[in-house]
Structure formats: structure tokens, C-alpha cells
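Trainee: Give me a model of this one.
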Amino acid sequence: MSKQGSAQVSRTLLLLFFLIATIPLAEASPPYSRDDMISKSGACLECHPEAADNLKGSTHQLTMVDDKMAKVTVGCIGCHPDWEKHLEDPTKDNIVNPADLSLPKQAEVCSGCHLNDHQATMLTTDPHGRAQLTCSSCHTVHGNKSRSLVKDDTDDYCGTCHTNVVAQFKSRSAHPLVTDNIRCSSCHFPDDRKDPTLARGIDWACQNCHSEYSGPHAFEHPVTETYSFNGGGCTECHDPHGSPNDRLLAQPGNGVCLQCHGIPPAHRTAHSGMGIKVDCVNCHTDIHGSDDNRMFLDPQLNTKFFADCYQSGCHDRVR
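Mentor: Numbering: from 1, shown residues only. Okay, the predicted model is just below:
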């Protein structure tokens with residue numbers, strides 16, 4: 001694709017995400033005054049005192065009359081639509097449990113307080129929403145003190161659905177999820193709209209921990225600094241969750257390099273074909289980027305195999 005064509009695609013994608021960002025959410029829950037929220041919710045607690053008890057200590061702890069420091073007033077009527085009918089005739093049939101609603105209706109209820117990127121993406125670009133998951137698929141309110149009110153606060157909670165990824169984390173070479181060193185949210189964050197996989201910018205997610213590979217370098221290996229819908233970036237060479245190969249590599253041996261590079265003819269003939277008897281990374285050690293060599297060669301290569309090969313006049317450092 002030409003540079004002009006690539007620029008047009010980029011502009012189109014930016015416009016698409018701008019339009020997504022401006023799509024209005026479902027109408028928020030009716031606003032209530034602080035006094036109404038507390039008094040009407042207090043009427044609910046006359047029959048459901050346990051509701052206040054199992055919310056204590058959570059982000060949805062009910063606001064009481066003497067709580068003057070609460071930034072957001074929380075009450076039963078803010079989450080349960082049709083509460084008016086229920087107060088008049090308290091039966092199970094006329095009170096709404098938000099967990100029983102469809103995704104758009106749940107988003108409408110939750111957006112009374114949570115009007116954020118996560119709400120917008122669940123209704124538009126988020127793969128969870130497109131899979132017909134709802135807010136209550138991952139979150140519960142009552143009796144839950146976990147971070148972000150997720151149903152389970154363990155590091156591998158996402159594995160409840162993503163079972164194939166759990167298996168990858170058990171590979172010989174894997175990121176340390178099973179030892180509690182990282183969490184799924186260390187790399188994935190549902191509020192982020194930049195990437196359809198929910199990763200924080202693919203490359204930058206990796207570089208948050210592996211900054212020694214992030215550059216900038218005088219000579220960049222293009223695959224490490226780019227990402228497109230057709231591949232590229234760290235995940236072009238590495239399986240981020242786990243791999244049977246060393247260093248999370250997607251393929252063993254020279255397989256990763258040969259995805260893009262052929263073996264130079266001279267490697268097959270010079271020095272009895274020694275060039276094809278060693279792994280690429282034995283000579284090209286600075287594959288993430290180099291500050292002194294555009295071929296990413298090992299600075300000590302001159303002494304690895306043949307002494308003074310650069311000085312002989314047949315080779316140079318290809319600066």
C-alpha cells in the first residue's frame with residue numbers, strides 16, 4: 001500500500017473511533033436529590049436490612065444521613081428501576097433486578113453513576129459486549145468487596161471464559177500469571193479504546209515492563225516499533241501469554257526470523273556454510289534495535305568466530 005493510501009486508512013480509522021466515542025449512551029437513570037435517595041432507600045431497608053449490611057465496605061456502600069463526606073450518593077433506588085411500584089405493592093414481580101436486564105438496559109442503569117469509556121465501549125467496540133456479555137457477567141454489587149466489583153478478584157479470573165489463554169500460561173515459557181507476579185489487567189484494560197484486543201497499545205504494554213528493549217535506537221528494527229491490523233510489533237515474534245519455545249518466541253530456532261528474512265546466499269557458501277549452522281541471534285544480537293549497527297550485529301562478533309575478520313578487508317561493521 002502506498003504512503004498516501006496508508007494515510008487515508010489512518011484518517012478513516014481515526015474518524016471511526018471519533019464517531020464511536022461520541023455515540024450517546026442510553027439515557028441515564030433519573031436524577032434524585034440526596035434527600036430523596038437516602039429517604040426512599042431507607043424505606044427499602046425496612047424490609048431488606050441485609051442489603052445495607054452486605055454493601056458495607058464496598059464502593060456501593062449506601063449513603064446515610066450523617067455521611068456528609070460522600071462524593072456520590074448511593075441508594076437502592078439508583079439501581080433498581082420501578083422501585084415506586086414496589087414500595088406501593090412489595091412483591092417480587094414488580095421490582096427490577098439489574099442483573100436480569102439486557103446489556104443496553106444494564107448500561108442504562110449503571111450509567112446513572114458510571115458514565116465512562118467502559119460503558120461506551122461495551123455498547124460499541126468491546127468484544128465482550130459483542131459476545132452478548134453484560135455488566136453482570138463480570139460484576140456483582142451485593143456482598144462484593146473486590147476491586148471494580150468483579151465477581152472474582154483472583155489474578156486468573158478472566159480465565160473463567162478465556163480457557164485457551166489459561167492453557168498458554170502453563171507453557172514452558174510463560175508470563176508469570178500462575179505465580180501471582182502479574183494480573184490480566186497488567187496488560188489488558190477494558191476502558192481502552194485504542195486496541196480491539198484490549199491491550200494497552202500492544203508494544204507499549206510490553207515496554208512498561210521491558211523498557212530495555214523500547215529504544216529509541218539509532219537503528220530500529222521496524223517490526224518492534226510498529227503495529228497494524230495485519231501484524232507487527234512485539235506479538236509478531238512473541239506469544240505474549242506463553243509458548244513452548246524460549247523467550248516466548250512464536251517459533252523455534254530461526255523460524256521467527258525467517259518469517260520476514262531469507263537466508264543470504266553468502267551464508268550458504270562462505271566459510272563452508274558456517275552461516276547456516278548457527279542461529280541468527282548468535283550474530284544479530286541487538287534484534288530489538290542497535291545504536292551502532294544497522295544489521296544489529298553483536299559488537300563482539302569479530303572475536304566470536306574468526307579473529308580480525310573485519311580488519312581483513314572482506315567484511316566491515318556495516319555501520
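
Trainee: where does residue 290 fall, phi/psi-wise?
Mentor: Torsion angles at residue 290 (phi, psi; degrees, to the nearest 10) stand at phi -130, psi 150.

Trainee: how far away is it from residue 283?
Mentor: For residue 290, the distance to residue 283 equals 12 Å [CB to CB, to the nearest Å]. From N, CA and C alone the C-beta is placed, and that goes for glycine too.

Trainee: Then residue 121?
Mentor: Residue 121 is 45 Å from residue 283, by CB to CB.

Trainee: neighbour count winner among those two?
Mentor: Neighbour comparison, residue 121 and residue 283: the larger count goes to residue 121, with 20 against 16 (by other CB atoms under 10 Å).

Trainee: Please report how far the more buried one lies from residue 127.
Mentor: 9 Å.

Trainee: and if you look at residue 180?
Mentor: The spacing between residue 180 and residue 127, counted by CB to CB, is 26 Å.

Trainee: of these two, who's got more company?
Mentor: residue 127 (13 against 10).

Trainee: per-residue confidence for that one?
Mentor: Note for residue 127: predicted pLDDT of 82.

Trainee: what's in contact with stretch 208-217?
Mentor: The contact list for stretch 208-217 (CB atoms under 8 Å, 6 or more residues apart in numbering) reads 200, 206, 207, 224, 225, 286, 288, 289, 290, 291.

Trainee: Would you reformat these as CSV and include distance to residue 95?
Mentor: As requested, these are exported to CSV (distance: CB to CB, whole Å):
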residue, distance to residue 95
200, 40
206, 48
207, 49
224, 55
225, 55
286, 65
288, 58
289, 60
290, 66
291, 66
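
Trainee: Next, count neighbours for the nearest residue to residue 75 once chain neighbours are set aside.
Mentor: Using CB to CB, 6 or more residues apart in numbering and skipping the chain neighbours, the partner closest in space to residue 75 is residue 41 (3.4 Å). Using other CB under 10 Å, the number of residues around residue 41 comes to 25.

Trainee: On the three-state scheme, residue 41 is what?
Mentor: At residue 41 the chain is in helix, as set by DSSP: H, G, I helix; E, B strand; the rest coil.

Trainee: Which residues are in contact with it?
Mentor: 62, 75, 76, 77, 78.

Trainee: Repeat that for residue 143.
Mentor: By CB under 8 Å, 6+ apart, the contact list for residue 143 reads 54, 55.

Trainee: hmm, back to that, what is in contact with residue 290 and residue 283 at once?
Mentor: Shared contacts of residue 290 and residue 283, counting by CB under 8 Å, 6+ apart, come down to residue 297.

Trainee: Compute the distance between the nearest residue to residue 99 once chain neighbours are set aside and residue 54, please.
Mentor: Closest residue to residue 99 apart from its sequence neighbours, by CB to CB, 6+ apart: residue 136 at 3.9 Å. To residue 54, residue 136 is 16 Å away according to CB to CB.

Trainee: Tabulate the CA atom coordinates of the helix or strand that contains residue 281 in CSV.
Mentor: Taking DSSP states H and E as the criterion, residue 281 maps to helix 280-283. The C-alpha atoms that make up helix 280-283 are tabulated as CSV, following Å, rounded to 0.1, in the frame of the first residue of the first chain:
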residue,chain,number,x,y,z
CYS,A,280,20.6,-15.9,13.6
VAL,A,281,20.6,-14.4,17.1
ASN,A,282,24.2,-15.7,17.7
CYS,A,283,25.4,-12.9,15.4
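
Trainee: Check which residues of that helix are buried.
Mentor: Buried residues in helix 280-283, counting neighbours by 16 or more other CB atoms under 10 Å, are found at 280, 281, 283.
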